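> okay, here's the prediction I keep looking at, along with the sequence it came from:
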Amino acid sequence: MRASPTDGALMPACRLAATLVAAFALLLLASCSPSANGSGVTMRTLAYGPLPQQQADVYEPASPPASAASRPVALLIHGGGWVAGSRSEFGDMARWLAQQGMVPIAIDYRFVTQATWPAQADDVERAVWWLRENAQALHADPSRVVAIGGSAGGHLAAWLGTTDHPSPKGTPSRVNAVVSMWGPWDLTATNVREDGKNMIAALMGSRPAQEASPLYRIDARTAPTMLIHGTRDELVPPDQSTHACEVLRAAKVECDLLLLEGEGHGLTSKNPDLRPVIERLSAFLGRHR
C-alpha cells in the first residue's frame, strides 16, 4: 500500500465524510411527516458474504403488505474515504425509505486497511448478487434496485451503475438506478486537495486510478443517475458531478443534477434548505422504483 490511511490530514476528512449521510438522513426525516419517524419498521442483520465486513442491515415494515414481494430495493452505501464509516449511518434514512414502500439494505464493505481496490467493488457487487439471488426471502424485486451512496459510497454507487460483473450464477451486478451524493467519478482528476489524493492513493495501492473511475465506464447501458453536490465542496470538487452528468447525457443516459448552492462536502451549513433535495430525490426514486 502506497499510503497509510491513518496518516496526517486523511482521518479528519474521513470522519467528516462518515457523518454526512447520517446528517442528511436526520434532516430528511425532520422535513417529512410525523409518520416518518421509523416506527413500525424492523431491522435484521444478515451476511451477504463470508467475510466479517460483508454485513447488511435489512429494513422492512413490521407488518409487510401483501404486495411486499414486489417492493423495490434501496442499497445504501456509506462514505468515509474508503477507510471509515458504518452501515448504521443510514438507519434513519432506511426507516423512512421502508415506510415509502422500499426494501432498504445498508451494507458495510472492506476498508483500505483490510484490502485495496478492487476489494470494495467486489464487496458491493457481491451485495447486489446476494440481494437479487435472495430476493424472495427479502420480499424484494430484483429488477428494481437503486444504489444510494454519499462520498466514497457515492463512488461505489456510481460503480454499480456503470459496470456489470455477473455472479457465477449469472446474476448481474449493475443496478437499475443510482443516487450519488458528493461522490468522486474521476479518480484521476488533478484538482483534488492533498488529503483527497492520499485517500485515492490508499485505495488504489499499485493500480492506476482510472481503473476505479466510473466516469470512464459510462455508456448507453449505464443506469439512470441522480447527482447531488455542494457548490463549495473542497474535498470532492463539484465538477466531478457536473462533468459526469455531461458525459451521462452525451451517452443518452438520464442524469438529474442537483447542485446545492453554498454547501461543502455534504450538508455543511447550519440551516440547509432540504426541500429541493427531498422533492428531487423523491421524484427520482418515484421514476425508478
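Structure's in. What do you need?

> what about this protein, any weak spots by pLDDT?
1-39, 64-69, 269-272 (pLDDT under 70).

> any chance you could map the strands in the stretch 1-150 of the chain?
41-47, 55-61, 71-77, 103-107, 140-150 (DSSP state E, counting those that start in this stretch).

> residue boundaries of the strands in the stretch 151-289 of the chain?
177-181, 225-230, 255-260.

> pick the most deeply packed of those.
Stretch with highest mean neighbour count among the strands of the stretch 151-289 of the chain: strand 177-181 (a mean of 29; mean count of other CB atoms under 10 Å). In short, each C-beta sits where N, CA and C put it, glycine included.

> what's the angle between that one and strand 71-77?
Taking axes from the mean of the first three to the mean of the last three CA atoms, to 10 degrees, one finds strand 177-181 and strand 71-77 inclined to each other by 30 degrees.

> elements contacting strand 177-181?
When contacts are defined as 3 or more CB pairs under 8 Å, 6 or more residues apart in numbering; DSSP states H and E, strand 177-181 sits against helix 10-30, strand 140-150, helix 152-162, strand 225-230, helix 275-287.

> in its sheet, what does it sit against?
According to DSSP bridges, strand 177-181 forms sheet pairs with strand 140-150 (parallel), strand 225-230 (parallel).

> of the strands of the stretch 1-150 of the chain, which approaches I200 most closely?
Each of the strands of the stretch 1-150 of the chain was scored for nearness to I200 using CB to CB, and the closest is strand 140-150 (16.5 Å).

> export the closest one as CSV, just CAs?
C-alpha atoms of strand 140-150 as CSV (Å, rounded to 0.1, in the frame of the first residue of the first chain):
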residue,chain,number,x,y,z
ALA,A,140,-37.8,-7.6,-2.8
ASP,A,141,-38.0,-7.1,-6.5
PRO,A,142,-34.6,-8.0,-8.0
SER,A,143,-35.3,-6.0,-11.2
ARG,A,144,-35.7,-2.7,-9.2
VAL,A,145,-32.5,-1.9,-7.4
VAL,A,146,-31.3,1.6,-6.7
ALA,A,147,-27.9,2.2,-5.2
ILE,A,148,-27.6,5.3,-2.9
GLY,A,149,-24.3,6.5,-1.5
GLY,A,150,-22.5,9.5,-0.2
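
> now the closest residue to V124 other than its chain neighbours: how far from Q53?
Spatial nearest neighbour of V124, excluding adjacent residues (CB to CB, 6 or more residues apart in numbering): L156 at 4.9 Å. According to CB to CB, to the nearest Å, L156 and Q53 sit 13 Å apart.

> which one of these two has more residues nearby?
More crowded of L156 and Q53, by other CB atoms under 10 Å: L156, with 28 against 16.

> residues in contact with the more buried one?
The contact partners of L156, taken as CB atoms under 8 Å, 6 or more residues apart in numbering, are I77, Y109, Q120, A121, V124, A147, G149, G183.

> how near is it to R275?
On the measure of CB to CB, L156 and R275 end up 28 Å apart.

> looking at the strands of the stretch 1-150 of the chain, which is closest to I228?
Using CB to CB, the strands of the stretch 1-150 of the chain put strand 140-150 closest to I228, at 8.5 Å.

> list the buried ones in that closest one?
A140, D141, P142, R144, V145, V146, A147, I148, G149, G150 (16 or more other CB atoms under 10 Å).

> cool, stretch 273-286 as well?
L274, V277, R280, L281, F284, L285.

> and of the residues you listed, the nearest to G81?
V277 (22.6 Å).

> right, and the closest one touches L258 too?
Yes - at 6.7 Å, V277 and L258 qualify as touching, with contact defined as CB atoms under 8 Å.

> got any residues that touch both of those two?
I228.
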